[in-house]
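Chemist: I would like the atomic coordinates for the input below:
(2 chains)
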Amino acid sequence: KQEVTQIPAALSVPEGENLVLNCSFTDSAIYNLQWFRQDPGKGLTSLLLIQSSQREQTSGRLNASLDKSSGRSTLYIAASQPGDSATYLCAVRPGGGSTLGRLYFGRGTQLTVWP
Amino acid sequence: EAGVAQSPRYKIIEKRQSVAFWCNPISGHATLYWYQQILGQGPKLLIQFQNNGVVDDSQLPKDRFSAERLKGVDSTLKIQPAKLEDSAVYLCASSLAFGGNYEQYFGPGTRLTVT
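Modeler: I've put the predicted structure just below:
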């Protein structure tokens, strides 16, 4: 069974810092990996999706990398802002021939960026 | 394009009562998912529909939870009778189809508190 772990569980940084969130997964046979953002009382917003054949994806100040063989992904946030404060979730979709759409989520990293 | 709609947004019930949640997916999306997110954890898939058929309900507690998707559009998730441990956010998501490359879009969720 796929298990996803995110470290750290919480992070508090001053505005302007560059930061890295980590995600690891136990089964490297994945189809893709996705990073989501969750604001309090709201649903999940997709940030970046990396296919298993890709090494990284970038969107604005966000960069996500994937090392499938070692079961790791990182989300890099450049020049953090208070508006980045949210919980960041990592999710993997199993591969290995499965066509089911189930996503396996980590517990998330709660990020606070203070002015 | 309208997103995934869910109602109600909040619900408080006593244990042993019943409750129902409603989800309207993005127009044209054939696949619909219900996830349960307990506080401090990542979402966990409860059930997945393809049109009006169930694809995966392996993690649905069938003694108390039921779900249906009549006419392949809206869906209802019911809990009867509720237990304290059912307190969670219930997220609905939809995608064009199921399988690896179709992104899931999430609704705002329904926060259930069982007292």
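Chemist: for the chain, which segments count as strands?
Modeler: No chain was given, so I picked chain A. Per DSSP state E, chain A carries strands over the ranges A:4-7, A:10-14, A:19-25, A:30-38, A:44-51, A:56-59, A:62-67, A:72-77, A:86-94, A:104-105, A:109-114.
Chemist: was after chain B, sorry
Modeler: Secondary structure of chain B (DSSP E): strands at B:5-7, B:10-13, B:19-24, B:31-37, B:44-50, B:53-56, B:65-68, B:75-79, B:88-95, B:105-106, B:110-114.
Chemist: in JSON lines: those, plus mean neighbour count.
Modeler: No exception for glycine: its C-beta is placed from N, CA and C like everyone else's. Shown next, in JSON lines, are these (neighbours: other C-beta atoms under 10 Å in any protein chain shown):
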{"stretch": "strand B:5-7", "mean neighbour count": "16"}
{"stretch": "strand B:10-13", "mean neighbour count": "15"}
{"stretch": "strand B:19-24", "mean neighbour count": "18"}
{"stretch": "strand B:31-37", "mean neighbour count": "24"}
{"stretch": "strand B:44-50", "mean neighbour count": "22"}
{"stretch": "strand B:53-56", "mean neighbour count": "14"}
{"stretch": "strand B:65-68", "mean neighbour count": "18"}
{"stretch": "strand B:75-79", "mean neighbour count": "19"}
{"stretch": "strand B:88-95", "mean neighbour count": "24"}
{"stretch": "strand B:105-106", "mean neighbour count": "22"}
{"stretch": "strand B:110-114", "mean neighbour count": "19"}
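Chemist: any chance of the ones you listed in CSV, plus mean pLDDT and distance to residue A:44?
Modeler: Converted to CSV, the strands of chain B look like this (pLDDT from 0 to 100; distance: least, C-beta to C-beta, whole Å):
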stretch, mean pLDDT, distance to residue A:44
strand B:5-7, 97, 12
strand B:10-13, 97, 18
strand B:19-24, 98, 14
strand B:31-37, 96, 9
strand B:44-50, 94, 13
strand B:53-56, 90, 19
strand B:65-68, 97, 20
strand B:75-79, 98, 17
strand B:88-95, 96, 7
strand B:105-106, 93, 4
strand B:110-114, 97, 14
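Chemist: these into a markdown table, with extra columns for distance to chain A?
Modeler: A markdown table is the format used below for the strands of chain B (distance: least, C-beta to the nearest C-beta, whole Å):
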| stretch | distance to chain A |
| --- | --- |
| strand B:5-7 | 8 |
| strand B:10-13 | 9 |
| strand B:19-24 | 11 |
| strand B:31-37 | 6 |
| strand B:44-50 | 5 |
| strand B:53-56 | 5 |
| strand B:65-68 | 15 |
| strand B:75-79 | 15 |
| strand B:88-95 | 6 |
| strand B:105-106 | 4 |
| strand B:110-114 | 7 |
